[in-house]
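Undergrad: okay, here's the prediction I keep looking at, along with the sequence it came from:
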Amino acid sequence: LEKKKHLKILKKANAKHYYLWLQIDSHLELSFLQLKPSEYEQQRKEKLVPTADVEDDLEDDKI
């Protein structure tokens, strides 16, 4: 099998954001969007869903 990797590095999505797109093969591609720190914190607060490990860490911090 011939493996092809295509990479488009840090193309401007708009003046403030950049993204990375990586095609691993015909079934898998990855993309990443770079956010400003303030936008990242807002996204993290809105989308963070604690897992069991995170909940355990939070309880350990209370001790």
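TA: Thanks, I have it. Residues are numbered from 1 along each chain as shown.

Undergrad: which residues of the protein score low on pLDDT?
TA: 1-19, 47-63 (pLDDT under 70).

Undergrad: now do the phi/psi pair for Lys36.
TA: phi -70, psi 150 (degrees, to the nearest 10).

Undergrad: distance of it from Gln43?
TA: 10 Å (C-beta to C-beta, to the nearest Å). Bear in mind the C-beta positions are built from the backbone N, C-alpha and C, glycine included.

Undergrad: how about the nearest residue to Leu35, chain neighbours excluded?
TA: Counting by C-beta to C-beta, 6 or more residues apart in numbering, Leu35 lies nearest to Gln43, which is 6.4 Å off, once chain neighbours are set aside.

Undergrad: what's the neighbour count on the one you found?
TA: 12 (other C-beta atoms under 10 Å).

Undergrad: show me what the helix or strand containing it is packed up against.
TA: Per DSSP states H and E: Gln43 is located in helix 37-47. Under the contact definition 3 or more C-beta pairs under 8 Å, 6 or more residues apart in numbering; DSSP states H and E, helix 37-47 sits against no other helix or strand.
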